[in-house]
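Chemist: I would like to see how this sequence folds:
(2 chains)
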Amino acid sequence: MSIEEQYRTRAKELLSGGAVKMVIGYGKGTTASRRRPLFISSPDDVERLVLDDACITNLSGYLVSEGLLSDEKRVAVFLRPEGIRAVNILAAESQLDAEQIVIFGFDVSGTEVRALKGIHVEEFSDVIGSIKEGAPEASEEELFEKIEKMSPQERFSFWQEEFAKCIKCYACRQACPMCYCRRCIVDSNQPQWVNTSSHSLGNFEWNIVRAFHLSGRCVECGNCDRACPVNIPLRLINHRMAEEVLGAFDHFAGMSKTQEPVLASFKKDDSETFIL
Amino acid sequence: MAKIGVFICHCGENIGAKVDCTKLAAAMGEHPGVAVSVEYKYFCSDPGQESVKRAIRENNLTGVVVAACSPRMHEATFRKACAEAGLNPYLCEIANIREQCSWVHTDNGQATEKAMDITRSMVEKVKRNNKLQPIEVPVTRRALVIGGGIAGIQAALDIANAGQEVVLVEREPSLGGHMAQLSETFPTLDCSQCIMTPRMVEAAQHPKIRLLTYSEIESVDGYIGNFSVRVRMKSRYVDIDKCTGCGDCITKCPAKKISSEFDCGLGKRTAIYTPFAQSVPNIPVIDKANCIYFKNGKCKICSKTCQCSAIDFDMPDTFVDLEIGAIVVATGFQVQNNTMYGEYGYGTYPDVINGLQFERLASASGPTAGKIQRPSDGAEPQTVVFIQCAGSRDPSKGVRYCSKICCMYTAKHAMLYAHKVHGGKTHIFYMDIRAAGKGYDEFSRRAIEEDEAAYLRGRVSKVWQENGKLMVRGVDTLLGRPVEIAADMVVLATAIIAQPDAKDFAKTIGIGYDEYGFYNEAHLKLRPVESSTAGVFLAGACQSPKDIPDSVAQASATASKVLALFSKDMLEREPVVATNNEATCAGCWGCVLACPYNAIEQKDILDRSGRIIKRVASVNPGLCQGCGTCVTFCRSNSLDLAGFTEKQIFAEVMGL
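Modeler: Sure thing, here's the model as predicted:
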């Protein structure tokens, strides 16, 4: 039985038995290579679930939709390892109770889809640990290497050019499971720290602020990057921040549901080279 | 409509010589919302303050900007003046045009331009200032003194003698600290224990002092006036209430060959022991690591000997929770281990000892009953070489600072040796003789002139053993030639260093420390006994190397600070505290973790039926110290700091 079949069966069992009230998965998209999020709450709909190598989007962000989990019922969700890490962070930041989340874990290598064993986030700690230890993915791109080699001035002008394209649509924010604030800093206008109009200063401010807000939290699922209508390579800036945080504090975002946020926590053995 | 008064101070020539104050006053007078803009030679003077008050009354000012020196100097002065004129003091701000402008610039034109920017920026801020009311918090009138050395004892006695309660916590089994280990003290050569032990007894018997020995601080929460402290009383295995201190158990204990910490390894002690004869309290403790019963499960001789059944091998550690208003930290120092100087042979040759060990040799209560005998064979050394700055003032291997007391105690050692070993020779290698203090220079001269201490200015390069002698090779830089001395004993004037756990302890109580682990004072000159944490004071060598007179003086100073704090029922605190916008708070709790004062709590917002609608952060204004850490952490900008609101800061920036 294919994984798709297995997961459909499991979804059916869970929904008909009332163990979960909803399954968030993938359904057919507008073209053959696209998948769209699917929310089903009836066991009759499980045949609409699709699971193949085109299921890329990190669906964890839907879990914090207002009111979804407030009845304390369980919700099942299809997640790749990045998504599972995101659930850990959301739990660590009190946005959800991990007990309510039933995971349909899977991973994709090439065109092959592989099931990940486990139901609750804790059961995936080995998978997450191996990603932390593992070598950076090979697909980690020429462009990143190219930017790393640039001088600070060159890098600055590279990003200036990229951010010049930004139209402040905030699609990156909407797609990101970590951007759950009810009022984003850019929506605050007393005072208005970040200029809302789409010019280079405001664009810079917005994208840098977002990168900072994601440092130590980004799981590099790529949702923002894919959502960007003007193709700013946002993944690269977040990847760089993740590397910094890993190097400086040995912090790998989403290791566990009790992980303390890197910028708010303090260990007695943290290096203090910056304190005079 | 804002009516701001701008008062530009010349500070004599300090500001006036660089900044064109007339031009500045004129420019500020043109700025929207400014009702008055005047200059004066010294606004901090009485007539200056009067003119500010008059201007407030006459013009019904809604805010005041004093363009002058740093707010650390006169903010309080002008805020008080404003309050006296009926204006809320938090509507007064200082524009620093001295330290941040006139003092650091050479070009008058540019300095004036910058002064305008700074002042304008403050005017914009003041327009958005709110009236704030000081926060009142109650004060618990009970002091905690941490460390039972001379500094801690002095602080505790001074506070207790003024009628306030004190809890004195010492981690060793007895009070006394390092001073109890010393033989005689410079510059008077009075016996250290003779002047120390009456203080120890006084502290132990004082009705206002609660003594907790063999105890350590487990945790400190809270804030000035209202600390909650948990103390771990380590198990002595001896019931302090039953024990009479007869000492039979000590006599009978078969584990007799344990190196005595109090005698710096020169003497031996038993497994059940008091550190020294006059220990306070005179109640022994069992050293679990060396006790035969704890190691083998058999022995209990002490228990059989004890007529009061005071020994309890199952005694657990206990905890004491204390409500405390002020804390005096007097945790003292350690001496550096000199094994890093391989060339001096400390740790290799038994007759190379450090200064503290010499104190024990010279002490009447020491392992040799005050006779100077070398550790290797007990012979009386005929030639002793002292090496000063063995660790101090040595950036390459030791520490960069001067340990302050070594010049004096080395002179004292030479003197004591001369008094005890007639005809003995002393050689002292030194870098400089630092003898600043009352009677100090006279004392070191006396060592040279009366007791024939031979001072050699220079360093020692090597110490080695040859034919039963310690050969010391050094240089006499005044004569410009190498010297070699055959000595019987070598004494290293070891550096004073911070307690090895000083940094961890600082984190437990939340105070700052320097690169060496010595605790930082709030201001080196003007607030030398206060830590940067309100309500925590520093006494003795935990702050920097100190001799006994300095430690005692500083301890009394902390007592006066504590008593000033205890003189009020309520404590007024600056209302600069964080507030949270519960409507926009995302409830991520990052601020709860980030807050160094545990001032942020989780709060549930419920609907009428009691169901949780939302969980948010809530700041306890009594605990908040206004540091702003939470504000910088908050991603949704829900947290804000009164007196430094986002709006105010933004206006300040835009005003530039």
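Chemist: buried set for the host helix or strand of residue B:505?
Modeler: For residue B:505, the element it lies in under DSSP states H and E is helix B:502-509. Using 16 or more other CB atoms under 10 Å in any protein chain shown as the test for burial, helix B:502-509 gives B:502, B:503, B:505, B:506, B:509. (Glycine included, C-beta is placed from N, CA and C.)
Chemist: what about the closest residue in space to the first one that isn't next to it in sequence, neighbour count?
Modeler: Read it as residue B:502. Leaving aside its chain neighbours, residue B:502 sits nearest to residue B:517 (3.9 Å; criterion: CB to CB, 6 or more residues apart in numbering or on different chains). Residue B:517 has 19 neighbouring residues, counting by other CB atoms under 10 Å in any protein chain shown.
Chemist: correct me, but residue B:517 touches residue B:496?
Modeler: No: checked against CB atoms under 8 Å, the pair residue B:517 and residue B:496 is beyond contact range at 11.3 Å.
Chemist: quickly list what the closest residue to chain A within the stretch 201-350 of chain B is bridged to.
Modeler: Using CB to the nearest CB, residue B:219 is the residue of the stretch 201-350 of chain B that sits closest to chain A, at 13.2 Å. Residue B:219 has these beta-bridge partners by DSSP bridges: residue B:230.
Chemist: now do residue A:109
Modeler: Under the criterion used (DSSP bridges), residue A:109 bridges to residue A:112.
Chemist: how close does it sit to residue A:80?
Modeler: 11 Å (CB to CB, to the nearest Å).
Chemist: comparing the two, which residue is more hemmed in?
Modeler: residue A:80 (22 against 8).
Chemist: need the contact list for that one.
Modeler: By CB atoms under 8 Å, 6 or more residues apart in numbering or on different chains, residue A:80 lies in contact with A:55, A:56, A:58, A:105, A:106, A:107, A:108, A:221.
Chemist: which parts of chain A sit against chain B?
Modeler: Counting by CB under 8 Å from any CB of the partner chain, chain A comes close to chain B at A:70, A:93-95, A:180-185, A:188, A:190-191, A:193, A:213, A:260-261, A:263-265, A:268.
Chemist: the closest residue to chain B within the stretch 101-250 of chain A in helix, strand or coil?
Modeler: Among the residues of the stretch 101-250 of chain A, residue A:191 lies closest to chain B, at 3.5 Å counting by CB to the nearest CB. Of the three states, residue A:191 takes coil according to DSSP: H, G, I helix; E, B strand; the rest coil.
Chemist: pull the number of nearby residues for residue B:344.
Modeler: The tally of other residues near residue B:344 (other CB under 10 Å) stands at 23.
Chemist: that one contacts residue B:390, correct?
Modeler: Yes: the pair residue B:344 / residue B:390 is scored as a contact, 6.7 Å apart, by CB under 8 Å.
Chemist: overlap in contacts of these two?
Modeler: Listed as contacting both residue B:344 and residue B:390 by CB under 8 Å, 6+ apart are B:338, B:492.
Chemist: what sits against the residue lying closest to residue B:604 once chain neighbours are set aside?
Modeler: Spatial nearest neighbour of residue B:604, chain neighbours left out: residue B:612 (5.0 Å); criterion: CB to CB, 6+ apart. Contacts for residue B:612 (CB under 8 Å, 6+ apart) come out as A:70, B:604, B:605, B:606.
Chemist: which regions of chain A sit below the pLDDT cut-off?
Modeler: For chain A, the stretches flagged by pLDDT under 70 are A:135-140, A:268-276.
Chemist: quick one, helices of it?
Modeler: Assigned by DSSP state H, the helices in chain A fall at A:3-16, A:81-92, A:125-133, A:142-149, A:152-164, A:171-175, A:200-214, A:223-227, A:234-249.
Chemist: what of the stretch 451-600 of chain B?
Modeler: Ranges of helices in the stretch 451-600 of chain B, per DSSP state H, counting those that start in this stretch, are B:502-509, B:548-566, B:590-594.
Chemist: now mean pLDDT too, for these, in JSON lines please.
Modeler: JSON lines is the format used below for those (pLDDT from 0 to 100):
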{"stretch": "helix B:502-509", "mean pLDDT": "92"}
{"stretch": "helix B:548-566", "mean pLDDT": "97"}
{"stretch": "helix B:590-594", "mean pLDDT": "91"}
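Chemist: and for residue B:324, the neighbour number?
Modeler: Neighbour count for residue B:324, taken as other CB under 10 Å: 21.
Chemist: kindly report the same for residue A:95.
Modeler: Residue A:95: 20 neighbours (other CB under 10 Å).
Chemist: pretty sure it contacts residue B:614?
Modeler: No: between residue A:95 and residue B:614 there is no contact under CB under 8 Å: 11.6 Å.
Chemist: spell out which residues are contacts of both of the two.
Modeler: With CB under 8 Å, 6+ apart as the test, residue A:95 and residue B:614 both reach residue B:587.
Chemist: the nearest residue to residue B:570 once chain neighbours are set aside bridge partners, please.
Modeler: Excluding the flanking residues, the one nearest residue B:570 by CB to CB, 6+ apart is residue B:136, at 4.5 Å. Legend: beta-bridge partners of residue B:136 under DSSP bridges are residue B:572.
Chemist: please name the residues that touch residue B:136.
Modeler: Residue B:136 neighbours (CB under 8 Å, 6+ apart): B:570, B:571, B:572, B:573.
Chemist: before we move on, the earlier item: and the helices of chain A, which is most packed in?
Modeler: Among these, ranked by average contacts under mean count of other CB atoms under 10 Å in any protein chain shown, first place goes to helix A:81-92 (a mean of 25).
Chemist: what bridges to the residue nearest to residue B:604?
Modeler: residue B:606.
Chemist: can you list the domains in chain B?
Modeler: B:4-127, B:142-234+B:317-332+B:510-566, B:248-305, B:335-497, B:578-655 (automatic domain parsing).
Chemist: residues from the stretch 401-550 of chain B in reach of chain A?
Modeler: B:504, B:507.
Chemist: show me what contacts the residue sitting nearest the centre point of chain A?
Modeler: The residue lying closest to the centre of chain A (CA atoms, centre = their mean) is residue A:221, at 4.5 Å. The neighbours of residue A:221, taking CB under 8 Å, 6+ apart as the test, are A:58, A:80, A:82, A:83, A:86, A:177.
Chemist: give me the nearest residue to the first one, chain neighbours excluded.
Modeler: Just to be clear, that refers to residue A:58. Leaving aside its sequence neighbours, residue A:58 sits nearest to residue A:221 (CB to CB, 6+ apart; 3.6 Å).
Chemist: and that neighbour, backbone torsions?
Modeler: Backbone dihedrals for residue A:221, given as degrees, to the nearest 10, come out at phi -80, psi -20.
Chemist: brilliant, that's me finished.
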